[in-house]
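**Student:** please find the sequence and the predicted model below.
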Amino acid sequence: ELKVEQNPLFLSMQEGKNYTIYCNYSTTSDRLYWYRQDPGKSLESLFVLLSNGAVKQEGRLMASLDTKARLSTLHITAAVHDLSATYFCAVDHRSGTYKYIFGTGTRLKVLA
Amino acid sequence: SAVISQKPSRDICQRGTSLTIQCQVDSQVTMMFWYRQQPGQSLTLIATANQGSEATYESGFVIDKFPISRPNLTFSTLTVSNMSPEDSSIYLCSVSRSNEQFFGPGTRLTVL
């Protein structure tokens, strides 16, 4: 069974602190996506990681991909309240139908 | 990127009835996807809709319950049939383009 697991599921952190969200997946894939979802909203694309060793940064967020370990990380630097949201990773499982499998999600709350 | 619209944005329906959700994309795409997101949960792929062929359903989803149409390369519909309160969810359509997946704003369905 294809699985994409994130941890932690819930994260409450103080402003200014650093933290990492982990995304482990069980299928062979060289593409991984990170999304942000605000309450009541749709998904916003954050990062597209297309190969082993890929690293992308945008503002206080940095994502990386290790396809050999089947692991991606989303690192938060000096968190601010505006980063409070739910973050999802998703894996592109190329089974012929471009099936995207989403992780369980990490609900982040940054406390002022 | 892709601009995706969905109709309706939300609806409250009685059990036993059916609702058709429309998804319109700003330009032609080969594959469109329909997801369900139950309250507080991650996204689950319902089916993949290709123009000119039958939709491909994921395990646990059947055509009689979730019939899908894909009449052209910019439009798709998902019908939720014979609804029960367990169908209360957000339904999202998405498209894949240039190694990214883009999501519509979602349809929030409440079944009483």
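**Tutor:** Here it is on my side, so go on.
**Student:** for residue 23, list the residues it contacts.
**Tutor:** Because you didn't say which chain, this covers chain A. Shown in contact with residue A:23 (C-beta atoms under 8 Å, 6 or more residues apart in numbering or on different chains): A:4-6, A:32, A:34, A:71-74, A:89, A:103. All C-beta atoms are positioned from the backbone trio N, CA, C, and that covers glycine.
**Student:** um, chain B though
**Tutor:** B:4-6, B:32, B:34, B:75-78, B:93, B:104.
**Student:** grab the most central residue of chain B for me.
**Tutor:** Centroid-nearest residue in chain B: residue B:34, 3.6 Å away (criterion: C-alpha atoms, centre = their mean).
**Student:** right, and the helix or strand after whichever strand or helix holds that one?
**Tutor:** Taking DSSP states H and E as the criterion, residue B:34 maps to strand B:31-37. Counting by DSSP H and E, the next helix or strand C-terminal to strand B:31-37 is strand B:43-50.
**Student:** what residues does chain B have near chain A?
**Tutor:** Proximity of chain B to chain A, by C-beta under 8 Å from any C-beta of the partner chain, involves residues B:31, B:33, B:41-45, B:48, B:56, B:58, B:92, B:94, B:96, B:99-106.
**Student:** show me what the least confident helix or strand in chain B by mean pLDDT is packed up against.
**Tutor:** Between all helices and strands in chain B, the lowest mean by mean pLDDT, DSSP states H and E belongs to strand B:100-103, at a mean of 89. Where contact means 3 or more C-beta pairs under 8 Å, 6 or more residues apart in numbering or on different chains; DSSP states H and E, strand B:100-103 is packed against strand A:43-49, strand B:89-97.
**Student:** parallel or antiparallel, which strands does the next helix or strand after it pair with?
**Tutor:** Heading C-terminal from strand B:100-103, the first helix or strand you meet, by DSSP H and E, is strand B:107-111. In the sheet, strand B:107-111 lines up against strand B:10-13 (parallel), strand B:89-97 (antiparallel) (DSSP bridges).
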